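Q: sequence-free structure coming up:
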């Protein structure tokens, strides 16, 4: 497989996953009915903060309100906007359409074709639609593509992006706590819904969400699809399937990450504090992504 | 005017009888609904074509008309023989001019037309390639004139495209009108990619070659076709930047390290293949590719330098080539052509501009030509100045009355002009997929069928020899 192809497939998957995650995040933050009696400005800027696009938004010279932030995140002139992500996913897919099943290409292409009409819908409907498209894509990948290098690099992209998104939300959670929600319950409700894991939490942990429980859940739980541990474990398994000498640095990076994710506990988090701990994990996930990049996508 | 469906007396031709019967039985709006369905499917699959003459490339669908162009098996047998003969002679010609040049020594073609030709590649001189085959993939454009005969409009021996539309049109027809495929016994075309794969394999300098399709990239107008064929053949799709040359071999940059490639089906024009040997401004090619080619380290399909044979200035000599190399009369006729570098032809042409079609020798895509009968006096004036300035750049032909075939418009069959591009593959043997791409000029009365100028396509049916099809040479 060409290095460029592996890179295109990986990034196609990351951009598509990013689009869905962004929609979920946006919808969770701006859910109607969630009681909020804090600083509204802080609420509106929360998704921007998570995305790291606060500067780009302020350059738009628009007032900070729900409508403007929503439009910006969905289709604004920013490389983190959902529109941009879908465009990039589609461009990458188009470059590599001979390396994926025609059905996978069609799902991505059709999503891009339908985006313009769906973005005008109310946010919850838009998010539903995009989420469905993401599920469809993954189902199509798993059902129509042989377990070959193309599929491996696509899944690698999905898992890396998920880990990154979950960590971003946990990083922002610290800041979120400074706004005042009605209660802890609604605060953690927003966090869990942002990661699409609210029902999973209710079924697995059952207890009323608290900082300790949710942190452990989203970082260390090995069964939840969006926990950081699960994502990295799956990424490691894919790296094993890819074979070749070039994966040694990435296998090493994932192994080091997994030591923490498998054996750390709340005590380890509390030693340095949530913020520092999350930042350290983010750095290690980033290092893993760089190792993958250097091992497979950069050619000599 | 020759129509493919109807006789002069408006009766239906035998091989279209069953189709028209089926058409009559369709409820109103049925075909239109099917066309919308096809549109949606084409868009979903992303079978698009990018126009490059505007500032930003816009992806468009090539309109596909649902009414098939049907050709009887005996007619196709005749075309098949003619195509085989013509392509054989063209390849022998290419082999000759890049070696001994016998046809030039015999003064059948003037030397200047070859050696000064922009398509002539000096680096191919005395280079021996497998099977002595140069034009592995040929698109020979045919038209049918009002006398009912087929004529060759032009040869395309460089990077002929359109085969993916042929394949997708067929699969679309089968999907939309399955009942029709019960009524007619149509020769299948789905095996084209496997023929192409065989052709590539046979064109290698080595056994068990690794093959790849070399594309200029996703911003090229025919990118869909490159990706489609690569996928159907199960070979990698590469761009210039994925390759490098070392030790006279070409290598792909893969995730496991460099992998040697032996045959490149290149969809990049000659001049852009190698910035070291050819156009230095090209970012599409691979530095050192020509060196590797000359050393026999990699095979190119089509070979370098085939452009000299599909040039409009060489076109008039093709029947002479058939005579010279094969000792035969050309089965497929050329359109009578006047070569304007010839003073007599130039004078005649300038006097009769309103009756002739004048084409640029190096033009493509229907640009750079004058269609006399439909032009204005001012256009003819302007063009005559252009011709007089560089007569050697132009040829003139009588206006052809291209045959018509109905398209489905406003609940009716409306006749439009068509042509036919069969695809001939030459490896160790010649393989022709039955039919080819029928292009149709969608505007009433227009003779320009190119997709870049508002043309569309039709599914082309070659009937298998069978009494039920009413097989008769029309």
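A: Thanks, I have it. Computed from a prediction, not measured in an experiment: that's the story for all the values here.
Q: Need the contact partners of stretch B:210-220.
A: Contact partners of stretch B:210-220, identified using C-beta atoms under 8 Å, 6 or more residues apart in numbering or on different chains, comprise A:91, A:94-95, B:50, B:57, B:197, B:200-201, B:204, B:223, B:226-227, B:229-230, B:233, B:235-240, B:243, B:252, B:259-268, B:272, B:284. Where you see a C-beta, it was placed from the backbone N, CA and C, and this is true even at glycine.
Q: which residues sit in contact with residue B:355?
A: Residue B:355 sits in contact with B:372, B:373, B:398, B:399, where contact means C-beta under 8 Å, 6+ apart.
Q: hmm, back to that, narrow the contacts of stretch B:210-220 to those that are buried.
A: Burial of these was assessed by neighbour count (16 or more other C-beta atoms under 10 Å in any protein chain shown); the buried members are A:91, A:94-95, B:50, B:197, B:200-201, B:204, B:223, B:226-227, B:229-230, B:233, B:235-240, B:243, B:252, B:259, B:261-268, B:272, B:284.
Q: Which strand or helix spans the residue in the stretch 101-250 of chain B that chain A sits nearest to?
A: Of all residues in the stretch 101-250 of chain B, residue B:231 sits closest to chain A, with a separation of 3.7 Å (C-beta to the nearest C-beta). Using DSSP states H and E, residue B:231 falls within helix B:223-233.
Q: Also residue A:165?
A: Here residue A:165 is assigned to helix A:149-176, by DSSP H and E.
Q: How is the nearest residue to residue B:234 once chain neighbours are set aside assigned, secondary-structure-wise?
A: Leaving out its chain neighbours, the residue that sits closest to residue B:234 by C-beta to C-beta, 6 or more residues apart in numbering or on different chains is residue B:197, at 7.7 Å. Classification of residue B:197 into helix, strand or coil gives helix, according to DSSP: H, G, I helix; E, B strand; the rest coil.
Q: isn't residue B:197 right next to residue B:229, touching?
A: No. Contact status for residue B:197 versus residue B:229: not in contact, 9.2 Å apart, counting by C-beta atoms under 8 Å.
Q: Quick one: residues contacting the closest residue to residue B:141 other than its chain neighbours.
A: The shortest distance from residue B:141 to any residue that is not its chain neighbour, by C-beta to C-beta, 6+ apart, is 4.2 Å, and that residue is residue B:153. Under the criterion of C-beta under 8 Å, 6+ apart, the neighbours of residue B:153 are B:141, B:142, B:143, B:335, B:400, B:419.
Q: likewise residue A:50?
A: Applying C-beta under 8 Å, 6+ apart, the residues contacting residue A:50 are A:25, A:168, A:169, A:171, A:172.
Q: The nearest residue to residue A:52 once chain neighbours are set aside: neighbour count?
A: Among residues not flanking residue A:52 along the chain, residue A:80 sits closest, at 7.3 Å (C-beta to C-beta, 6+ apart). Counted with other C-beta atoms under 10 Å in any protein chain shown, the neighbours of residue A:80 add up to 19.
Q: for residue B:20, same thing?
A: The number of residues near residue B:20, taken as other C-beta under 10 Å, comes to 16.
Q: Confirm it sits in a helix?
A: Yes. Under three-state DSSP, residue B:20 falls within a helix.
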